[in-house]
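Q: predicted structure and sequence below. I'll ask about it afterward.
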Amino acid sequence: MRTLLPLAAVALLAGAPAALAQSNDTSPDAVGPMVTEDKVDTQTFVATVPNANEFEIQSSKLAQQKSPSADVKAFAAQMIADHTKAGQDFKAALSQGQTTSSIKPSDSALQPKQKQQLDELKGASGKDFDKKYIEMQSDAHKDAVALFSTYAKSGEDPAIKEFAKKTLPVLKMHEKHVKELAVAHQG
């Protein structure tokens, strides 16, 4: 079961919950996906949020350093502020919640895909950096909106469900803003 949590988190962050259902994991402890189209397992949500948040913050810190564009830097500053607050709110919800998790909110180590994406950003510069950052933020927020929306509707832990409901409008605003950035930086 423990091996499925990182797989579920990566699948969610990659925007592919269905990838779990097609997993080639034939180990005896493979119990199937913990994510369906209309439900997200609490443990999966709790495992995914800190990693996704940390990716948002780290990639946005890079954008503040490397982006040549004032609008991208402003968006990155907003990401850092909002995702730092979301991380604090998540810790509070987890402490009030009913979920007893072996995953602590401080366990925000990035997943391999996220590390690879950060490495790509570190190697990029100029307009290429902006293009990659905007694309990664677009994908990350699309996935986050889907994850939070699903958990806000079907979550099992009331405190964590409330956190998802309160955070969702901010994530939708980020998604809208990053789409506007994508249009402004086309070409």
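A: Nice, thanks for sending it over.

Q: ok, the nearest residue to Ala182 once chain neighbours are set aside to Val183 distance?
A: In space, and not counting its chain neighbours, Ala182 is closest to Ile134: 5.2 Å by C-beta to C-beta, 6 or more residues apart in numbering. For every residue, glycine as well, the C-beta is placed using N, CA and C. Relative to Val183, Ile134 is positioned 10 Å away (C-beta to C-beta, to the nearest Å).

Q: neighbour count winner among these two?
A: Ile134 (24 against 8; other C-beta atoms under 10 Å).

Q: tell me the helix or strand right after the helix or strand the more buried one falls within.
A: In this structure, Ile134 is located in helix 126-154 according to DSSP states H and E. Per DSSP H and E, the first helix or strand lying C-terminal to helix 126-154 is helix 158-184.

Q: just checking, what packs against that next one?
A: helix 42-66, helix 70-96, helix 126-154 (3 or more C-beta pairs under 8 Å, 6 or more residues apart in numbering; DSSP states H and E).

Q: which of those sits closest to Pro169?
A: In terms of C-beta to C-beta, the element of these nearest to Pro169 is helix 126-154, at 9.7 Å.

Q: excluding chain neighbours, give the residue nearest to Ala124 in space.
A: Ala124's closest residue in space is Lys132 (C-beta to C-beta, 6+ apart), at 5.1 Å.

Q: give me the number of residues near that neighbour?
A: 17.

Q: show the pLDDT at it.
A: If you check Lys132, the pLDDT there is 97.

Q: circling back: in this structure the residue nearest to Ala182 contacts Lys179, no?
A: No: assessed by C-beta atoms under 8 Å, Ile134 is found out of contact with Lys179, at 9.2 Å.

Q: neighbours of Asn53, how many?
A: 23.

Q: where does this structure dip in pLDDT?
A: Per-residue confidence for the chain (pLDDT under 70) gives these ranges: 1-37, 100-108, 187.

Q: and the closest residue to Tyr133 other than its chain neighbours, how far from Ser125?
A: In space, and not counting its chain neighbours, Tyr133 is closest to Ala63: 5.0 Å by C-beta to C-beta, 6+ apart. Taking C-beta to C-beta as the measure, Ala63 falls 12 Å from Ser125.
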